[in-house]
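**Q** pasting the structure only:
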């Protein structure tokens, strides 16, 4: 099968995030199973116009803000003659409206989450209105396409916008095998406890971790404010913020203004190995974001035996099972987030109960499963129901 994937960024883009990890992990496996995959994405400074990454042929065209406008033209002029069996548009903020420009082959849509009014928190109102309007076009423009959504919340949002439910398949994200192995590191588990969490004695008392980009809608400021409350009752508690983004300076200034310099550490970008090391040291993870497609970092933490305190919002309420693998709190409620963190930091027995459940549940999520299920959706979009890889 010859597959063309269209996405705003590739895995080597400095701004790559969860959507790019999902794309790369999924389609590199599909390539390994004998299929041809070409990725059309935007350029970034210093990038080659084309290269092969783990078997995926990457073609870069257009800029950060012009990619969706130029993709249809580039496809018609340069790629249509290649006779792809299917085109997959991975909609990441701005749809390219490819159904208006494709006569064939069939088009499938891969969607992580819809931003809606969240656009207005990140960018100026004029651009936010443009993006909001473009997103509202999805049900009309893509009405004949099959969709792959990464969570039940995203599926429900699509249905609410007018996409037919029978055209949407939910395929959850997977996990790097290193994270799946981490839950069994440390003390040897008993034969009947194969999903036992990592040895709690390796944990750093009071350590809370945040993983993700530093953007307004991620609400990391809420977490820093919650930590001021946490420190009143758990004096040794500290927060490690892992990730980069345009909000870092503002968040560092907030930390200083609250007198939390000794309690909050910003690591910036870290390697997967360092992220794994930090996760196996943390007692609790926190995710205050106002919206997620699914929350890969939540499941990564769970796989390492770390329960998560998260906002009860689309995506995160799918990734976190309240009272079983973590705690969900009302979005924007700093006090509630602080109380949940305090409760878990103080109650080792409850923390370990949630950690054990989290490790067990995380075993469901592998990139192999994601890739195989994605192939099924691709074939469905082509009118072929076979499930073979």
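**A** That came through, no problem. Given the structure is predicted, the values throughout are model-derived calculations rather than measurements.
**Q** State the mean pLDDT of the strand or helix carrying residue 357.
**A** Under the criterion DSSP states H and E, the helix or strand holding residue 357 is helix 348-362. Averaged over helix 348-362, pLDDT sits at 96.
**Q** helices and strands around that helix, which ones?
**A** In terms of contacts (3 or more CB pairs under 8 Å, 6 or more residues apart in numbering; DSSP states H and E), helix 348-362 is packed against helix 296-303, strand 326-329, helix 334-346. The way it works is simple: take the backbone N, C-alpha and C, and place the C-beta from them, glycine included.
**Q** Quick check: which of those has the most neighbours on average?
**A** The highest mean neighbour count among the helices and strands packed on helix 348-362 belongs to helix 296-303 (a mean of 28), with neighbours defined as mean count of other CB atoms under 10 Å.
**Q** Can you check what angle separates that helix from helix 348-362?
**A** 120 degrees (axes from the mean of the first three to the mean of the last three CA atoms, to 10 degrees).
**Q** Begin at 121, not 1, for the rest of this chat.
**A** Right, with 121 as the first residue, what we last looked at is helix 416-423.
**Q** distance between helix 416-423 and the chain's centre?
**A** In terms of CA atoms, centre = their mean, to the nearest Å, the gap separating the centre of helix 416-423 from the centre of its chain is 10 Å.
**Q** What mean pLDDT does the next helix or strand after it get?
**A** Going down the chain from helix 416-423, the next helix or strand is strand 428-431, by DSSP H and E. For strand 428-431, the mean pLDDT works out to 98.
**Q** same question, stretch 287-306
**A** Taken as a whole, stretch 287-306 has an average pLDDT of 81.
**Q** Quick check: closest non-adjacent residue to residue 276.
**A** Using CB to CB, 6 or more residues apart in numbering and skipping residues adjacent in sequence, the residue nearest residue 276 is residue 434, 7.9 Å away.
**Q** where are the low-confidence patches of the stretch 271-420 of the chain?
**A** Flagging of the stretch 271-420 of the chain using pLDDT under 70 yields the residue ranges 303-321.
**Q** and residue 378, what does it touch?
**A** With contacts defined as CB atoms under 8 Å, 6 or more residues apart in numbering, residue 378 is in contact with 344-345, 348.
**Q** Helix, strand, or coil at residue 166?
**A** The three-state label for residue 166, taken from DSSP: H, G, I helix; E, B strand; the rest coil, comes out as coil.
**Q** What about it, how many residues nearby?
**A** As a burial measure, residue 166 scores 7 neighbours (other CB atoms under 10 Å).
**Q** What of residue 345?
**A** 18.
**Q** and what of residue 437?
**A** Residue 437 has 18 neighbours, counted by other CB under 10 Å.
**Q** Then residue 267?
**A** The burial metric for residue 267, expressed as a neighbour count using other CB under 10 Å, is 23.
**Q** that's a strand at it, yeah?
**A** Yes. Under three-state DSSP, residue 267 sits within a strand.
**Q** roughly how far apart are the nearest residue to residue 174 once chain neighbours are set aside and residue 443?
**A** Sequence neighbours aside, residue 148 is the residue nearest to residue 174 in space, at 4.1 Å (criterion: CB to CB, 6+ apart). Summarising the geometry, the distance separating residue 148 from residue 443, computed by CB to CB, to the nearest Å, is 36 Å.
**Q** Which of these two has more residues huddled nearby?
**A** When residue 148 is set against residue 443 and neighbours are counted by other CB under 10 Å, the residue ahead is residue 148, at 17 against 12.
**Q** Wait, the more buried one touches residue 177, no?
**A** No. Under the criterion of CB atoms under 8 Å, residue 148 lies out of contact with residue 177, with a separation of 11.6 Å.
**Q** Touching both of these two, which residues are there?
**A** residue 157.
**Q** Break this protein into its domains for me.
**A** Each domain of the chain is listed here as a residue range: 122-294+486-501, 314-482, per automatic domain parsing.
**Q** re earlier: quick one: the host helix or strand of the residue nearest to residue 174 to chain centroid distance?
**A** Here residue 148 is covered by helix 138-152, with elements defined by DSSP H and E. In this view, helix 138-152 has its centroid 13 Å away from the chain centroid, taken as CA atoms, centre = their mean.
**Q** What is whichever helix or strand comes after it packed up against?
**A** Moving toward the C-terminus from helix 138-152, the first helix or strand encountered (DSSP H and E) is strand 156-161. Here strand 156-161 is seen to pack against strand 122-126, helix 138-152, strand 176-180, helix 187-194 when contacts are counted using 3+ CB pairs under 8 Å, 6+ apart.
**Q** Check the offset of strand 156-161 from the chain's centre.
**A** Once both centres are worked out by CA atoms, centre = their mean, strand 156-161 turns out to sit 20 Å from its chain's centre.
**Q** now swap in stretch 289-308 and tell me
**A** The mean C-alpha position of stretch 289-308 is separated from the chain mean by 15 Å, CA atoms, centre = their mean.
**Q** quick one: residue 392 and residue 159, what's the gap?
**A** Look at residue 392 and residue 159: by CB to CB, they are 21 Å apart.
**Q** Compare those two (neighbour count), which wins?
**A** When residue 392 and residue 159 are compared on other CB under 10 Å, the one with more neighbours turns out to be residue 159, at 24 against 12.
**Q** Perfect, that will be all.
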